[in-house]
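> Here you go, sequence then predicted model.
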Amino acid sequence: MSRATYLLPALMLAIALPAHAGWKPANPAVAETCKQPRIAAALAATERMDAAILSHDVPAFSAIFENDAVVNNPYNKIARKADAENNLRTGKIDYTTLERTIEYAATRGEHDVVLMGEEALTPINQARFAGKHVRRRTTEIWSDASGEWKLAVRQATVYEAD
């Protein structure tokens with residue numbers, strides 16, 4: 001059988017299934033913590049970022065980042081805001097699912113929220129690990145120093161891709 005024989009059904013399935021993102025608390029204590037207004041606002045910003053990723057909305061994705069944001073990207077490289085925008089624009093960030101489990105959420109200082117946990121995602125097309133189910137540990141620092149919640153720092157380490 002040709003490669004197209006296998007790829008066509010997978011492509012049809014990806015087109016037929018809507019992209020999905022979401023988050024859940026790891027336990028009741030985290031669920032209670034996530035109700036705090038600043039933490040809830042930072043989590044709402046993560047939902048906007050995830051929606052922008054799944055819809056390939058580069059302007060909305062860009063608006064989530066602090067101008068001096070730094071991330072460790074899926075290619076195990078340090079990336080700045082412009083790099084992340086380009087990765088979304090060129091399909092290096094492309095997922096059909098993105099589920100977060102928040103294991104730790106806390107305010108830090110006057111303007112920051114720290115979110116830590118795990119993500120499970122399904123990369124497609126040109127994204128690293130396309131066609132696999134990926135799990136990674138994450139740490140994010142969100143800041144509202146500008147008057148709106150923006151991503152300042154992100155670390156994501158893949159520990160499983162099957």
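Yep, that arrived.
> Determine the set of other helices and strands touching the helix or strand A82 falls within.
Taking DSSP states H and E as the criterion, A82 maps to helix 81-89. In this structure, helix 81-89 packs against helix 58-64, strand 65-72, with contacts taken as 3 or more CB pairs under 8 Å, 6 or more residues apart in numbering; DSSP states H and E. In this view, the C-beta of every residue, glycine as well, is placed from N, C-alpha and C.
> Redo the ones you listed as CSV? Include mean pLDDT, mean neighbour count and distance to A161.
Output for those, formatted as CSV (pLDDT from 0 to 100; neighbours: other CB atoms under 10 Å; distance: least, CB to CB, whole Å):
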stretch, mean pLDDT, mean neighbour count, distance to A161
helix 58-64, 96, 16, 23
strand 65-72, 95, 16, 16
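> could I get those as TSV with distance to N87?
As requested, the helices and strands packed on helix 81-89 are exported to TSV (distance: least, CB to CB, whole Å):
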stretch	distance to N87
helix 58-64	10
strand 65-72	10
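> among the ones you listed, which is nearest E47?
With CB to CB as the measure, helix 58-64 is the member of the helices and strands packed on helix 81-89 nearest E47 (10.3 Å).
> In PDB, list the C-alpha atoms belonging to that closest one.
C-alpha atoms of helix 58-64 as PDB (Å, rounded to 0.1, in the frame of the first residue of the first chain):
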ATOM      1  CA  VAL A  58      -1.200  34.600  15.000                       C
ATOM      2  CA  PRO A  59      -2.300  38.200  16.100                       C
ATOM      3  CA  ALA A  60      -4.300  36.800  19.100                       C
ATOM      4  CA  PHE A  61      -1.300  34.500  19.900                       C
ATOM      5  CA  SER A  62       1.100  37.400  19.700                       C
ATOM      6  CA  ALA A  63      -1.100  39.600  21.900                       C
ATOM      7  CA  ILE A  64      -0.700  37.100  24.800                       C
END
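> so how far is that helix off the chain centroid?
Distance of helix 58-64 from the chain centroid (CA atoms, centre = their mean, to the nearest Å) equals 13 Å.
> Check which element follows the helix holding A82 along the chain.
strand 95-108.
> Now find how far off-centre that next one is within its chain.
In this view, strand 95-108 has its centroid 8 Å away from the chain centroid, taken as CA atoms, centre = their mean.
> what packs against that strand?
Judged by 3+ CB pairs under 8 Å, 6+ apart, the packing partners of strand 95-108 are strand 20-25, helix 28-33, helix 37-55, strand 112-123.
> can you rerun that using 6 Å?
On a contact count with 3 or more CB pairs under 6 Å, 6 or more residues apart in numbering; DSSP states H and E, strand 95-108 meets strand 20-25, helix 37-55, strand 112-123.
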